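[1] No letters, just coordinates:
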Ligand SMILES: NC(=O)C1=CN([C@@H]2O[C@H](COP(=O)(O)OP(=O)(O)OC[C@H]3O[C@@H](n4cnc5c(N)ncnc54)[C@H](OP(=O)(O)O)[C@@H]3O)[C@@H](O)[C@H]2O)C=CC1
Ligand SMILES: O=C(O)C1=N[C@H](C(=O)O)C[C@H](O)C1
């Protein structure tokens, strides 16, 4: 694949390393310094664009890729409240968008496990809560992953909002914990990312998967989960 990287920070750089090792080619790197000079024409030589930029930059980058007619994979968090509007643009353009708050396979198994537990625990006297810990450079809180987790567990429990606590510590790639507490016992599941490799490998898998499709997709589509 010929790849445009929209955002060339921690995630953009590891995606480039893994993509190159797998025989793909990064043909364009976009960051805050050159973004104003980039037009849709610049993207037309690539097969797919991958956005790991900033919460306030992702929407314009998605629009750019759609104008270029290039499928776009978006890992950036903090913009999903506008997903309906963005999905409308994808339909208008006949384009392709693959978005996920977390591309790692482990976290997506964690989401499925969390929903299963919540559906079984629904009638029991447990209080659910979520904790997320990330590095101190993270711009958004709660994390996108915590919000996705909360949505899935809340629906499976029958609608009660779940408290999310956010912690910021040096160098932490991403840790998420779901707790069901009762006076009798406490049940916890936790996902700990040891590096950013799982996020990057998942984003590259999504890029391969989406490049010949049109529409709006997320991890459950690729992993055939419910
Ligand atoms: N879905 C997932 O699995 C994951 C999602 N993320 C999310 O991805 C995003 C990026 O994370 P991370 O790589 O750690 O962040 P970084 O801060 O390390 O990198 C962000 C990059 O975006 C660039 N940038 C800033 N403005 C623009 C713009 N308008 N257009 C294009 N690029 C721009 C920055 O440029 P400059 O350096 O010049 O400022 C920088 O290169 C965050 O929202 C994070 O939450 C992170 C990991 C996994
Ligand atoms: O900013 C990060 O680093 C991460 N962001 C995503 C999120 O907001 O959930 C995914 C991962 O946890 C790392």
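    That came through, no problem. A quick note: this is a predicted structure, and the numbers were derived from the prediction, not measured. Residues are numbered from 1 along each chain as shown. Ligands and ions are numbered 1, 2, ... in the order given.
[2] C-alpha from now on. contacts and neighbour counts both.
    Will do.
[3] Point out the residues in this structure that sit beside ligand 2.
    The chain has residues 77, 101-102, 138, 143-145, 173-174 near ligand 2, with proximity defined as CA under 6 Å from any ligand atom.
[4] Give me the longest helix you can find in the chain.
    Counting residues, the longest helix in the chain under DSSP state H turns out to be helix 105-121.
[5] any idea how far the very next helix or strand once past that one is from the chain center?
    For helix 105-121, the succeeding helix or strand toward the C-terminus, using DSSP states H and E, is strand 127-134. On the basis of CA atoms, centre = their mean, to the nearest Å, the separation between the geometric centre of strand 127-134 and that of its chain is 18 Å.
[6] what's the answer for stretch 5-21, then?
    The answer for stretch 5-21 is 15 Å, by CA atoms, centre = their mean.
[7] Buried subset of the residues of the chain next to ligand 2, written for PyMOL?
    For selection in PyMOL, the members of the residues of the chain next to ligand 2 meeting the burial criterion (16 or more other CA atoms under 10 Å) are listed in this command:
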select buried, resi 77+101+102+143+144+145+173+174
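[8] The residues of the chain next to ligand 2 also near ligand 1: which ones?
    The subset of these within reach of ligand 1, by CA under 6 Å from any ligand atom, is 77, 101-102.
[9] Turn these into a markdown table, including pLDDT and distance to residue 206.
    Formatted as a markdown table, the entries for these read as follows, by pLDDT from 0 to 100; distance: CA to CA, whole Å:
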| residue | pLDDT | distance to residue 206 |
| --- | --- | --- |
| 77 | 97 | 16 |
| 101 | 98 | 13 |
| 102 | 98 | 11 |
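[10] Of those, which belong to helices?
    When these are checked against helices (DSSP H), there are no matches.
[11] tell me the phi and psi of the residue located most distally from the centre of the chain?
    Each residue of the chain has a distance to the centre, and by CA atoms, centre = their mean the biggest one is for residue 184: 35.5 Å. When quoted as degrees, to the nearest 10, the phi and psi of residue 184 stand at phi -90, psi -40.
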